[in-house]
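Participant: Got a sequence here, can you build the structure:
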Amino acid sequence: MVDAGKRSVMGVLVDVIDYDAAVAKVFAAAQQQRPFILTALAVHGVMTGVSDRRHNARLNAFDVIVPDGQPVRWALNLLHQAELREWVSGPELTHRVLWRAATEELPVYLYGSTQRTVARLAGALTRTVPTLRIAGAEPSRFRDAEPGEYARIAERVNASGARLVLVGLGCPRQESFVHAMRPLLAMPLLAVGAAFDYHAGLLSYAPRWMQRNGLAWMWRLVLEPRRLWRRYLILGPRYLVRLSAQKVGLWEPPVPVPSHRPAEPAPV
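Facilitator: Numbering: from 1, shown residues only. Prediction:
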């Protein structure tokens, strides 16, 4: 089990952590019924924090940020000699969390994406994890939250009997959402993004060799070129330039500062 704390990747505090440690932290919080927020950040998520200082402060208030993808793992190893042997994929982490939740009989709440995706996800999970208890499933509204709306969502989650929440809103909306919800729910909230689509059967995984060589982004780009071309063809090179500059000392990222104040406006 690897849990060596947080390290700055271009000013975003990413955890040097593996699957076992991340899952253990999630269920420690669930068992103790305390607030806890986690997100799985790939290159896009890190670069969103680099370009938006307010969002950077929100990210740095997360309990755990797992390195989702080879490029973020490589950054931890390059900048901090972390010797991290594997990245922590959001879909795989979701899979492990769901099986543990089923084993411990902890009900799960699903929040985000579209009605179609959430319905397919709930159905798929009842087949793949048959003992899992899904306390509730609620799609995104794809708009900014109205006054008091976070409190109403928290009421629904608590009334369902859920002990942890999986959130699939896409980056950076999901990070803003779970950050805002943290003071309202005494349970883990995990921002897992595309894991909803993968587990619902709407996205296929990149071949393992592409994942090992940091090319999973290319697979996603082929599958969704119109939606993702800007993310990968513009942000990817910027990530490499910033990472190289930080490594050789030509650029010093801002000192990471956490913020526990909810974003306004933020999405639901």
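Participant: Bridge partners for the residue lying closest to Ala22 once chain neighbours are set aside, pull those for me.
Facilitator: Nearest residue to Ala22, sequence neighbours excluded (CB to CB, 6 or more residues apart in numbering): Val66, at 5.4 Å. C-beta coordinates here come from the backbone N, C-alpha and C atoms, glycine included. With DSSP bridges as the criterion, Val66 is bridged to Ala40.
Participant: For Tyr19, see how far away Val66 is.
Facilitator: 8 Å (CB to CB, to the nearest Å).
Participant: again, but for Thr48
Facilitator: Relative to Tyr19, and taking CB to CB, Thr48 is found at 24 Å.
Participant: same question, Ser8
Facilitator: From Ser8 over to Tyr19 the distance is 22 Å, taken as CB to CB.
Participant: Val108 - how many residues pack around it?
Facilitator: Using other CB atoms under 10 Å, Val108 has 26 neighbouring residues.
Participant: so it touches Leu132, yeah?
Facilitator: Yes - in this structure, Val108 is within contact of Leu132 by CB atoms under 8 Å, at 6.5 Å.
Participant: Identify the contacts common to the two.
Facilitator: Residues within reach of Val108 and of Leu132 at once, by CB atoms under 8 Å, 6 or more residues apart in numbering, are Leu98, Ala101.
Participant: List the contacts of Gly45.
Facilitator: Counting by CB under 8 Å, 6+ apart, Gly45 has contacts Val12, Thr39, Leu59, Asp68, Cys171, Pro172, Glu175.
Participant: typed the wrong thing, it's Gly136
Facilitator: Tyr109, Leu110, Arg156, Val157, Ser160, Ala162.
Participant: quick one on the thing from earlier: just give me the closest of the contacts of Gly45 to Gly214.
Facilitator: Lowest distance from Gly214 to those (CB to CB) belongs to Asp68, with 12.0 Å.
Participant: For that closest one, give me the pLDDT.
Facilitator: Asp68 is assigned 95 on the pLDDT scale.
Participant: ok, it - how many residues close by?
Facilitator: Asp68 has 30 nearby residues by other CB under 10 Å.
Participant: Tell me which residues touch it, please.
Facilitator: Neighbours of Asp68 in contact, by CB under 8 Å, 6+ apart: Ala40, Leu41, Ala42, Gly45, Trp87, Val88, Ser89, Gly90.
Participant: tell me the contacts of the closest residue in space to it that isn't next to it in sequence?
Facilitator: Closest residue in space to Asp68, ignoring its immediate chain neighbours: Ala40 at 3.8 Å, by CB to CB, 6+ apart. For Ala40, the contacting residues are Ile65, Val66, Asp68, Val88, Ser89, Gly90, Leu93, Ala191, Val192, Gly193, Ala195, by CB under 8 Å, 6+ apart.
Participant: Sort those residues by pLDDT and name the bottom one.
Facilitator: Gly193 (83).
Participant: That one and Gly90 touch, don't they?
Facilitator: Yes - under the criterion of CB under 8 Å, Gly193 makes contact with Gly90 at 5.6 Å.
Participant: circling back: could you measure from the residue nearest to Asp68 over to Ile65?
Facilitator: 8 Å.
Participant: in the sheet, who's paired with the nearest residue to Val178 once chain neighbours are set aside?
Facilitator: Distances taken as CB to CB, 6+ apart place Leu189 nearest to Val178, at 4.2 Å, with adjacent residues excluded. Leu189 has these beta-bridge partners by DSSP bridges: Ile37, Val165.
Participant: I'd like the numbering to begin with 55 instead of 1 from here.
Facilitator: Happy to do that; since the first residue is 55 now, the last one works out to Leu243.
Participant: Number of residues surrounding Leu243?
Facilitator: Counted with other CB under 10 Å, Leu243 comes out at 30.
Participant: Also Val309?
Facilitator: 8.
Participant: got it, and Pro321?
Facilitator: For Pro321, the neighbour count with other CB under 10 Å is 20.
Participant: isn't it right next to Glu200, touching?
Facilitator: No - checked against CB under 8 Å, the pair Pro321 and Glu200 is beyond contact range at 11.4 Å.
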